[in-house]
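**Q** Coordinates for the following, if possible.
(one chain, ligands or ions: 2)
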Amino acid sequence: MLLIWMALAQDQTPLLLAEGSRSDYRIVLPADALPSEKYAAEELRRHLNQMSGADLAVVTETEAPHPREIVLNAPTRLADRPKLGRDGYSIRTRGDRLLIAGDRPRGTLYAVYVLLEEHLGCRWFTREVTRIPRRDRVELAPIDLAHTPVFEYREVFYTEAFDGDWAARHRSNGNQPRLEPRHGGRITFQPFVHSFEHILPSAKHFKEHPEYFSEIDGRRRPYPTQLCLTNPDVLRIAIETVRRWIREKPDATLYSVSQNDCYYNCRCAACRALDEAEGGPIGSLLAFVNRVAEAIEKDHPDKLIETLAYQYTRKPPKTLRPRPNVRIRLCSIECCFGHPLAECPKNKSFKEDLIGWSKITDRLYVWDYVVSFAHYLAPFPNFDVLGPNVRFYAEHGVKGLFEQGQYQGGGCGELSELRAYVLAKLLWNPRADVRIAIEEFTDAVYGAAGPLLRDYLRLTHDAPPHFTIGAAPSLLRREALERAVGLFDEGEKRLKDDPDALKRWRKARLSIDYARLMRTSRRKAEYKERFEPFVAACREFGLTHISEGLELGRFEKSYPPRPEEY
Ligand SMILES: [Zn+2]
Ligand SMILES: [Zn+2]
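**A** Residues are numbered from 1 along each chain as shown. Ligands and ions are numbered 1, 2, ... in the order given. Next comes the predicted model:
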């Protein structure tokens, strides 16, 4: 009995990874380590060094075993490697040894980040602001966990999230971040979306072959248009084009065969017949995409064909089913983001479509929206719905999630960095605690003004109305706006001796200055007084886009207004 008790007690003893700038541990790599596994060792070594001052040796498994090892995916040291799904990993302590295994190519690197973040207290809030706790003793309580992320594809589409190191640390694996081989690469699309114009550019082909394009009211139309999806030549050209894309970009994961960013689907007799049989224009689209996918899968069983269920194709088909190598990206563009998808009556039809799709494919992706595209800086009070929505997707079997925020030029949308941080947390773990993430972020990034930023969020999120991705600054009531101005003024006072945090605070304040400017009559003297400092601050912080269609330069030229505008 005593022996068992001693064994249990020993199993409960924390591992002492470093003490007083020294460590008995070494990091062990596989003999055939991938760049991402070597980088995992480098990142672990760097962070442990910053935490404790200790410098751990990195060796390969060809060296003789040592009693104190941190093993990174080295097969000779991992007696029983658990079965891991895409990007999955395990972290286990065995006596004094720490055993890490990961799905290749990214799982091991992700495991190191989970270890540093969730078990050793490190945080990477923004590209500049991190929290690496400095300790005399770095201890690790015994762990035994294996995990595969709920979403296989996780993309936070913000300029601030495109930094490769930041994205990898948050286990974001999407198309846009600058993820290199050392980060384990990424999931790439070729092209990214709206590819009908890439398959058959209407400017090039319409004159000779109007029959390739949509027929509406008896006439074929050039761009903006879609393809005639029952024309056999269009199908042949689409298959040839996808084959060419695979030759040109063999590393891509998904090849897009998706509608252009407009309506105008073909209503010729043949397309219409398919659409009527399937209950909507998804009929001709999915029949077409399935045939492309069928042609491709023979030669390229590992490649996927992506299409959109977007606007007029959002409603799922009655009888057709996506082939296994097809990924549907369902788009939430019409939704209300003031209230959870599952609850707001405005989102009833989207919810029905999501549930419908989830019943006919177990590989559904969602293209979601998290900012006002008409006013990137407008307060967009959706922080309270982010968690419920991501969980709603996860509960309905969604396997990929793309969160479109302010992605253009220099970024700098409303609280872009905080949004990117919270979203990355949720995409990795839909049960992540948003309140804690916000609290930690705001205290680290805004210093003494952190609590005021949380007051600002409470103020802007108080009983939000219905709103969509075109939300205007007038969403914030005038009295709330004035109180928000007061909070930001107070924050500037609190941060007068903290220049770095003050700079970040002034950047966060752009939103409220923009909202106030937009609510000031252009005929009043206050407009001019507010306009010039606002534009100067935008330039200082690198903002290039006021909205999806309006660059800062053009916005600047809009003032003073022309006489006819008075
Ligand atoms: Zn047609
Ligand atoms: Zn609503």
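
**Q** and stretch 131-151, which residues are buried?
**A** Going by neighbour count (16 or more other C-beta atoms under 10 Å), the buried part of stretch 131-151 is Ile132, Val138, Leu140, Ile143, His147, Thr148, Pro149, Val150, Phe151. From N, CA and C alone the C-beta is placed, and that goes for glycine too.

**Q** Tell me the bridge partners for the second one.
**A** To tie it back to what came earlier, the one meant is Val138. For Val138, the beta-bridge partners under DSSP bridges are Ala18.

**Q** okay but it is in contact with Cys122, surely?
**A** No: contact criterion C-beta atoms under 8 Å: Val138 and Cys122 do not qualify, at 11.0 Å.

**Q** which residues do the two both contact?
**A** Taking C-beta atoms under 8 Å, 6 or more residues apart in numbering as the contact rule, Val138 and Cys122 both touch Met51.

**Q** Name the single longest helix found in the protein.
**A** As assigned by DSSP state H, the longest helix anywhere in the chain is helix 499-518.

**Q** ok, then the element right after it?
**A** The helix or strand immediately downstream of helix 499-518 is helix 525-540, counting by DSSP states H and E.

**Q** Kindly report the residues of the chain close to ligand 1.
**A** By C-beta under 5 Å from the ion, the residues of the chain that approach ligand 1 are Cys228, Thr230, Cys266, Cys268, Cys271.

**Q** Specify the local secondary structure of the residue nearest the centre of the chain.
**A** By C-alpha atoms, centre = their mean, the chain has its centre lying nearest to Val156, at 1.6 Å. Here Val156 is recorded as strand under DSSP: H, G, I helix; E, B strand; the rest coil.

**Q** returning to that earlier point: the buried residues of stretch 131-151: which two are farthest apart?
**A** Largest separation among the buried residues of stretch 131-151 by C-beta to C-beta: Val138 and Phe151, giving 31.2 Å.

**Q** which residue packs closest to the closest residue to ligand 2 within the stretch 451-566 of the chain, ignoring adjacent ones?
**A** When scored by C-beta to the ion, the stretch 451-566 of the chain has His466 as its residue closest to ligand 2, at 3.6 Å. Excluding its sequence neighbours, the residue lying closest to His466 (C-beta to C-beta, 6 or more residues apart in numbering) is Cys336, at 4.5 Å.

**Q** Looks like the one you found contacts Glu343 (just checking).
**A** No: with contact defined as C-beta under 8 Å, Cys336 does not count as touching Glu343 (9.8 Å).

**Q** More neighbours: which of those two?
**A** Neighbours per residue (other C-beta atoms under 10 Å) separate Cys336 from Glu343, with Cys336 holding more: 22 against 13.

**Q** now do the same end-to-end measure for stretch 105-120.
**A** 24 Å (C-alpha to C-alpha, to the nearest Å).

**Q** The helix or strand hosting Ala437 to helix 499-518, inter-axis angle?
**A** If you go by DSSP H and E, Ala437 is part of helix 434-446. Counting by axes from the mean of the first three to the mean of the last three C-alpha atoms, to 10 degrees, helix 434-446 lies at 110 degrees to helix 499-518.
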